[in-house]
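Novice: Sequence plus the predicted model coming up.
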Amino acid sequence: MDALRKGTELDLVVEKLAFGGNAVARVEGFVIFVDKALPGQRVRVRIHRKKRQYAEAQVLEVLAQSPHYVEPVCPHFGVCGGCRWQDLAYPEQLRWKRLHVLECIQHLAGVEDTAVEPTTPSPEQVHYRNKMEFTFADRRWLSPQEIACTDVQYSKSFALGLHVRSFFDKVFDVDTCQLQSRQASEILREARDWCRRSGLPAYSVRDHSGFWRFLVLRETKRTGQMLVHLLTTPQPEDEKTVDALAAHLLGRFPGLTTFVHSVTRKKAQVAFGESSRVVFGPGFIEEEIDSLRFRISAHSFFQTNTLAAEKLYEAVRRLGDFKGHETVWDLYCGTGSIALFIASQVKWVLGFEIVEEAIRDAQVNCTLNGIDNCTFRSGDLKDVIKDALESARENGLPDVVITDPPRAGMHPHVVNTLLELAPQRIVTVSCNPSTLARDLTFFLDRYEVRTIQPFDLFPHTPHIECVVRLDRKS
């Protein structure tokens, strides 16, 4: 399309949602990705980037609304980079997520005849998250209303909230987030006001100065517990300042369970500290899933949608088809939630996890629940799995392997070791359909894909989890 260039304006009808969340329209077959649009809309757009095979455009005006449009419930919708699909009816979100899984599996893995099941919905679509990470920043994003207001002078040098979409260094002050509980939003506002008044600067990603870095709120859905995790840079007398903040929040919110302070010197924008201390409380919270109790520390991985995760774990247990005699390996096991969930139906579970704090939680979780047939090993999986393979050759290979890798998927060394292990079944949990499809290609010569079940753990976002069962070919 030679006629299309940056700045061109035109009317389009949106056809579909692409994997990743952007809307797709076409002009004489030429693909145009449209930001912040929905299938079924007729929109006026402006091209802001032109490539040889596609263009990218921004919506100037919605000329005709989609039949699946709903009014967003969040006042930050459109600015926040989180809930991109909040204006799309929930049944349509589920339909498109299934289609994206199907598209990845067919196009990337070449699996044509595998039936992808309908997406299992989240039991709750708002206030469903048990963990939210908020960022301190010295570059605050002002809303159009704040910019237009002449009566109040808003400071741009301090913010605590979420990143503005497409800006790595801009953060807007979150007033309320519909993904977390109302109390969590109240704690966020109170902490922001106190930290701003403290006079200590927020962290700058440009020159790496400043004190305040991250505020992580973790809350349980069934036991009513709350963990506040504050991350700062190391500064003189930082503990005194943090202790004062913790005391203030406890006075304002007496129901707070625990407060943890971590220090990080790393420049990467990751809410993970090199050293931690407990300011008050036990330093952890405990959640209940399917009559099991799980201890969760500040740095431990735990599925962020508790109620939907319970459905996902039930699917893992069902697809594992356990008879009671199986030895199971649980790769990327986190705090041992899946291992404990299946323990009563198998002979033995060996879990692997890189985060030592999570391994300690997994061991404690076994004690809490009176489970004695789970063992856990810490270390980088691509390294420790080789040693485990040698030991397994002497003591018995696993009958079933469960994997729950990060978004990047499984390391090639892990894949190769799994092929050497050759378990009867592999049940994999994935949060990224594209890397799931890539990983499946390594197993298709020896394994048959039996079931692909999508789960919506992240309503109003394009993200989708899947549970897949692979059976070894005879």
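Specialist: Yep, that arrived.

Novice: Show the contacting residues for the residue positioned nearest the centre of the chain.
Specialist: Note on the chain: the residue nearest the mean C-alpha position is Thr304, at 7.0 Å, using CA atoms, centre = their mean. Counting by CB atoms under 8 Å, 6 or more residues apart in numbering, Thr304 touches 129-131, 457-458. No exception for glycine: its C-beta is placed from N, CA and C like everyone else's.

Novice: Just the pLDDT for the closest residue to Pro405 other than its chain neighbours.
Specialist: Closest residue to Pro405 apart from its sequence neighbours, by CB to CB, 6 or more residues apart in numbering: Tyr332 at 5.2 Å. Per-residue pLDDT puts Tyr332 at 92.

Novice: Point out where this structure drops to low pLDDT.
Specialist: 1-2, 113, 144, 148-153, 394-395 (pLDDT under 70).

Novice: Per the annotation, how does it divide into domains?
Specialist: By the assignment in automatic domain parsing, the chain contains the domains 9-64, 94-124+305-472, 131-283.

Novice: Out of these, which is closest to Val79?
Specialist: Smallest distance to Val79 across those (CB to CB): 5.8 Å, for domain 131-283.

Novice: what ranges do the strands span in the stretch 251-400 of the chain?
Specialist: Using DSSP state E, counting those that start in this stretch, the strands found in the stretch 251-400 of the chain span residues 258-263, 275-280, 284-289, 292-297, 327-331, 348-353, 374-378, 400-403.

Novice: sorry, that was for the stretch 101-250 of the chain
Specialist: So, for the stretch 101-250 of the chain - with DSSP E, counting those that start in this stretch - the strands run 131-137, 159-163, 171-173, 212-219, 226-232.

Novice: quick one: which of those strands is nearest Leu108?
Specialist: Using CB to CB, those put strand 159-163 closest to Leu108, at 28.9 Å.

Novice: on contacts alone, who are the packing partners of that closest one?
Specialist: strand 131-137, strand 171-173, helix 182-197 (3 or more CB pairs under 8 Å, 6 or more residues apart in numbering; DSSP states H and E).

Novice: Pull out the buried residues from it.
Specialist: 159-163 (16 or more other CB atoms under 10 Å).

Novice: Could you do stretch 238-252 as well?
Specialist: For stretch 238-252, a neighbour-count test (16+ other CB under 10 Å) marks 241-242, 245-246, 249-250 as buried.

Novice: Likewise for stretch 461-474?
Specialist: In stretch 461-474, counting by 16+ other CB under 10 Å, buried: 461-470.

Novice: before we move on, the earlier item: out of the strands of the stretch 251-400 of the chain, which is closest to Phe214?
Specialist: strand 258-263 (8.6 Å).

Novice: helices or strands up against the closest one?
Specialist: Using 3+ CB pairs under 8 Å, 6+ apart, strand 258-263 sits against strand 226-232, helix 238-252, strand 275-280.

Novice: can you tell which of these is closest to Gly379?
Specialist: Closest to Gly379 of those is strand 275-280 (CB to CB; 20.2 Å).

Novice: Convert that closest one to CSV, retaining C-alpha atoms only.
Specialist: Taking C-alpha atoms only, strand 275-280 is exported to CSV below (Å, rounded to 0.1, in the frame of the first residue of the first chain):
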residue,chain,number,x,y,z
SER,A,275,18.2,-8.7,51.6
SER,A,276,15.0,-8.6,53.6
ARG,A,277,13.8,-8.1,57.2
VAL,A,278,10.4,-8.4,58.9
VAL,A,279,9.3,-5.1,60.4
PHE,A,280,6.2,-6.6,62.1
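
Novice: Just the residues contacting it, thanks.
Specialist: Everything outside strand 275-280 that qualifies as a contact, by CB under 8 Å, 6+ apart, is 239, 242-243, 246, 250, 258-263, 298-299.

Novice: Hey, what's the angle from it to strand 292-297? Just curious.
Specialist: 110 degrees (axes from the mean of the first three to the mean of the last three CA atoms, to 10 degrees).

Novice: Please work out the angle formed by the directions of strand 275-280 and strand 284-289.
Specialist: Using the same axes, to 10 degrees: strand 275-280 against strand 284-289 is 80 degrees.

Novice: Now strand 275-280: buried residues?
Specialist: Going by 16+ other CB under 10 Å, strand 275-280 has these buried residues: 276, 279-280.

Novice: Tell me which strands that strand pairs with, and in which orientation.
Specialist: Sheet pairing of strand 275-280 (DSSP bridges) gives strand 258-263 (antiparallel).

Novice: just the CA coordinates of the strand it pairs with, formatted as PDB?
Specialist: Provided in PDB are the C-alpha atoms of strand 258-263 (Å, rounded to 0.1, in the frame of the first residue of the first chain):
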ATOM      1  CA  THR A 258       2.800  -8.400  58.300                       C
ATOM      2  CA  PHE A 259       5.200  -5.800  56.900                       C
ATOM      3  CA  VAL A 260       8.500  -6.800  55.100                       C
ATOM      4  CA  HIS A 261      11.300  -4.400  54.000                       C
ATOM      5  CA  SER A 262      13.700  -5.400  51.300                       C
ATOM      6  CA  VAL A 263      16.700  -3.600  49.900                       C
END
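
Novice: can you pull the contacts of Asn130?
Specialist: If you count contacts by CB under 8 Å, 6+ apart, Asn130 has them with 218-221, 287, 302, 304-306.

Novice: Endpoints of stretch 63-72, how far apart?
Specialist: Length of stretch 63-72, first residue to last, CA to CA, to the nearest Å: 19 Å.

Novice: if I've got this straight, Gly20 is in a strand?
Specialist: No - with DSSP: H, G, I helix; E, B strand; the rest coil as the criterion, Gly20 is located in coil rather than a strand.

Novice: ok, back up a step: would TSV of the helices and strands packed on strand 258-263 with distance to Ser122 be doable?
Specialist: Output for these, formatted as TSV (distance: least, CB to CB, whole Å):
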stretch	distance to Ser122
strand 226-232	21
helix 238-252	29
strand 275-280	31
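
Novice: Nearest to Thr403, out of the ones you listed?
Specialist: Per CB to CB, nearest to Thr403 of the helices and strands packed on strand 258-263: strand 226-232, 27.6 Å.
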